[in-house]
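Participant: Sequence and computational prediction follow.
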Amino acid sequence: MQVKFYDVAAQYKQIKTEIDATIIEVLESAAFYDSPAVSAFEHMFAQLHQTKHCIAVNSGTAALHASLMALNITAGDEVLVPANTFFATAEAVSLTGATPVFVDCNADDYGMDPTHLEGALTARTKALIAVHMYGQAAQLDALKVFSEKHGLYLVEDCAHAHLATYKTIPVGSHGITACFSFFPGKNLGAYGEGGAILTNDDGLAHELAKIRQHGAIEKYHHERIGHNYRMESIQAAILNVKMRYMEQWTAIRQQRAVLYKELLSDCPQVILPHIADTNQHVYHLFVIRCLERNGLKGYLQEKGIETGLHYPIPLHLQKAYASLGYNRGSFPVAEQLSKEILSLPISEQITEEEVRYVSARIKAFYAGE
Ligand SMILES: *Cc1c(COP(=O)(O)O)cnc(C)c1O
């Protein structure tokens, strides 16, 4: 049996009629930007996460960068970022000229560990980026208390966490801004690039709309330096179709996760995801920690099962950040996780039979079969 990590082609097949029709509609309208499709996307996505404003952009990285620009984060500032996340979280900080300051993660939800924040704080710290790792909210109460105490902006990186909730409130309104990615592999994915920023702050929403379009709300009247971060109408139209499936598709991910947990509960070599009482996990990734990780990964590959590593190298050990002066040993939890984690296939396309096959092969590996 072949089990793909994420079968985007199968997903397209499922919704092909609607997708093809909506793309043709955009082509015929020739409104490739700034169109009703983009406005409809913004309206629906804000509603879905119960926030006031949505500013559609062209990637998650753009969403993070624009957010930090709107908050006037600049050279000389520091921003707290978890050591275990995708590179873009820190990269966006660097793009503003500010410096990312890494914080170790905790071994429960794999997000930023609030107990390490105090040690990373300096007089230059301006913001903190909470990443809702793998689809589960970070420890938001503790992060909020810390941010408020020290006058820091709390920015949410929701790239893994579309529709995840914290104390029943969707991610996206817990910070000053929240950044989403619609990279094809995300829980809500464009067929190309896409991103969005959510905020309840009217002033910031206005600033973000400017930054997205060369600092101009009115064409050719540039009030500040911005970027070309506009979302394409074709991607907005695709997202509008797929958004209607979001709740259904998220429920499938959650059901498959329940099945993995049931099937792997008697496998002592595997640590399953731990969900905090405060959280609804949306399982962008189903990440286990396991013994002999590399051996297991290779074995599953041989059995036709694709797996992933999120992420194999913590950010403080990336070559691009060598100049920041961190060492091996700087963030023991993130470093340990990078050696033990394994992302199993999970998506709205994976079948129960495939989950059973993957789980059985994992057990067969540890049984020495
Ligand atoms: C995917 C991702 C991003 C970047 O999103 P792009 O749309 O690829 O630019 C940022 N942060 C995290 C945690 C991500 O997983």
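Facilitator: Yep, that arrived.
Participant: top helix in this protein by residue count?
Facilitator: If you go by DSSP state H, the chain has its longest helix at helix 8-29.
Participant: Report all helices and strands that that one contacts.
Facilitator: helix 233-243 (3 or more Cβ pairs under 8 Å, 6 or more residues apart in numbering; DSSP states H and E). For glycine as for every other residue, the C-beta is placed from the backbone atoms N, C-alpha and C.
Participant: Could you rerun that using 10 Å?
Facilitator: Judged by 3 or more Cβ pairs under 10 Å, 6 or more residues apart in numbering; DSSP states H and E, the packing partners of helix 8-29 are helix 36-48, helix 233-243.
Participant: what angle sits between that helix and helix 233-243?
Facilitator: Helix 8-29 and helix 233-243 are oriented at 130 degrees to each other (axes from the mean of the first three to the mean of the last three Cα atoms, to 10 degrees).
Participant: Hmm, Ala196 is touching Phe45, no?
Facilitator: Yes - counting by Cβ atoms under 10 Å, Phe45 is a contact partner of Ala196 at 5.7 Å.
Participant: anything in contact with each of the two?
Facilitator: Each of 54-56, 162, 172, 180, 182, 188, 236, 239 lies in contact with both Ala196 and Phe45 under the rule Cβ atoms under 10 Å, 6 or more residues apart in numbering.
Participant: Phe180 belongs to a strand?
Facilitator: Yes - secondary structure of Phe180 (DSSP: H, G, I helix; E, B strand; the rest coil): part of a strand.
Participant: closest point of this protein to the ligand, which residue?
Facilitator: Nearest to the ligand, among the residues of the chain, is Gly60, at 2.4 Å (Cβ to the nearest ligand atom).
Participant: Next up, the contacts around the spatially closest residue to that residue that is not a sequence neighbour.
Facilitator: Spatially, and ignoring its direct neighbours in sequence, Gly60 is nearest to Ser181 (2.5 Å; Cβ to Cβ, 6 or more residues apart in numbering). By Cβ under 10 Å, 6+ apart, the contact set of Ser181 is 57, 59-64, 86, 88, 157-160, 162, 187-190, 193-196.
Participant: Could you check stretch 228-245 and say which residues are buried?
Facilitator: 229-243, 245 (16 or more other Cβ atoms under 10 Å).
Participant: whoops, stretch 137-152 was the one
Facilitator: Here stretch 137-152 shows 137-140, 143-144, 146-147, 152 as buried, counting by 16+ other Cβ under 10 Å.
Participant: What about the residues you listed, which are in helices?
Facilitator: 140, 143-144, 146-147.
Participant: so what does the longest strand belonging to the chain touch, helix or strand wise?
Facilitator: When the chain is parsed with DSSP state E, its longest strand is strand 125-131. The contact analysis (3+ Cβ pairs under 10 Å, 6+ apart) places strand 125-131 against helix 60-70, strand 78-82, helix 87-95, strand 99-103, helix 117-120, helix 140-150, strand 153-157, strand 177-181.
Participant: Quick one: name the residues of the stretch 51-200 of the chain near the ligand.
Facilitator: Residues of the stretch 51-200 of the chain lying close to the ligand (Cβ under 6 Å from any ligand atom) are 59-61, 85-86, 88-89, 131, 157, 159-160, 181, 183, 195.
Participant: Give me the three-state assignment for the residue most central in space within the chain.
Facilitator: The chain has Ala159 as the residue nearest its centroid, 1.9 Å off, counting by Cα atoms, centre = their mean. On the three-state scheme (three-state DSSP), Ala159 is labelled coil.
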